[in-house]
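> What follows is a predicted protein model with its sequence.
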Amino acid sequence: MRTSRDPDPFDDEAVEVRRHIDDVLRSWAGLVAERGGSPVPGPDRDGGVGGLAAFLTAHLDWLMDSTAAAEFAEEVAALRGRAERLVNGSAPARHHLGGCVEASCDGRLTARTSPGRLAASQIGCDRGHSWPPREWLLLSARIERREAS
């Protein structure tokens, strides 16, 4: 049983980066599969990011000869940079703390830590509520009361 003091193993930022990589690669794979004049069978739908990457690698010559080559290269470089920042700790980490404690707010409460820091650097919900560090002790008490009820 998890308690409010246990670390959250679910990393929202990693999920977001993974989703973005999947979306971008899926978009490019769709372009390759629908290429003018000679469509090719698309990637295996169950192959995930690895399958998409393999499909795009197999058709890299066509991509590099297309007018979209520079855009493809820029997008893949941006994906790589974002993933490296996440893995190497230069991207802020997000830790989900449960629902917002404000009345009638259905937002998700999140603590963000800056790279190289163990303590949170920002706490807020995705509906716009935020708490400065001087209020974190009071916020902690509100979270505990919410969880107790």
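Nice, I can see it. Numbers count the residues shown, from 1 in each chain.
> Could you identify the helix or strand that succeeds the helix or strand bottoming out on mean pLDDT in the chain?
Ranked by mean pLDDT, DSSP states H and E, the weakest helix or strand in the chain is strand 93-99, scoring a mean of 83. Moving toward the C-terminus from strand 93-99, the first helix or strand encountered (DSSP states H and E) is strand 108-113.
> Mind listing the strands that next one pairs with, and their directions?
Paired with strand 108-113 in the same sheet, following DSSP bridges, are strand 93-99 (antiparallel), strand 122-125 (antiparallel).
> List the buried residues for the first one?
Within strand 93-99, the residues that qualify as buried are 93, 94, 95, 97, counting by 16 or more other Cβ atoms under 10 Å. Yep, even glycine has a C-beta here, placed from its N, CA and C like the rest.
> list the helices and strands the lengthiest helix in the chain packs on?
Longest helix of the chain, by residue count under DSSP state H: helix 12-33. Packing contacts for helix 12-33, counted by 3 or more Cβ pairs under 8 Å, 6 or more residues apart in numbering; DSSP states H and E, involve helix 48-58, helix 60-65, helix 69-87, strand 93-99.
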